[in-house]
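Trainee: prediction below, plus the sequence it came from.
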Amino acid sequence: MTKIGSVKREVIRVRGGNIKVRLYRIDYANVYDPGSGKYVKARIIRVLENPANPHYVQKGIITKGAVLETEVGRAVVTSRPGQHGVVNARLLT
């Protein structure tokens, strides 16, 4: 469960000798702006919506599809933070 806060990661070995980066806390996201075609590193302010579970909004848990309020505006998460170890998002117009 990825929450908002200072960065905390854990690298784990999975089946086949591969690695996964578990992301427990993060305070920034890589936000893609479709208008300019560029990425911006923006601070996450709070979680606005989460289709996975409505209670995740109250707890501030970030999953794929969650809508975040960032410094540059509202953005929807396109990565899987608990699996990929990074929060990538796309800016909503």
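Mentor: Good, I have the coordinates. Numbers count the residues shown, from 1 in each chain.

Trainee: tell me, which strand in this structure spans the most residues?
Mentor: Assignment by DSSP state E gives strand 38-49 as the longest strand of the chain.

Trainee: by contact count, what packs against the worst-scoring helix or strand of the chain on mean pLDDT?
Mentor: Every helix and strand of the chain was ranked by mean pLDDT, DSSP states H and E. The lowest is helix 81-84, at a mean of 91. Other helices and strands packing on helix 81-84, by 3 or more CB pairs under 8 Å, 6 or more residues apart in numbering; DSSP states H and E, are strand 19-26. All C-beta atoms are positioned from the backbone trio N, CA, C, and that covers glycine.

Trainee: was I right to think V21 contacts E10?
Mentor: Yes - counting by CB atoms under 8 Å, V21 touches E10, with 7.4 Å between them.

Trainee: compare the two (neighbour count), which wins?
Mentor: Using other CB atoms under 10 Å, the more surrounded residue of V21 and E10 is V21, with 14 against 10.

Trainee: from V47, how far out is that one?
Mentor: Using CB to CB, to the nearest Å, V21 is found at 21 Å from V47.

Trainee: same question, A89
Mentor: Taking CB to CB, one finds A89 at 11 Å from V47.

Trainee: what touches both of these two?
Mentor: Any residue near both A89 and V47 by CB atoms under 8 Å, 6 or more residues apart in numbering counts here, and that gives L68.

Trainee: who has more neighbours out of those two?
Mentor: A89 (25 against 21).

Trainee: give the closest residue to the more buried one in space, chain neighbours not counted.
Mentor: A75 (3.7 Å; CB to CB, 6 or more residues apart in numbering).
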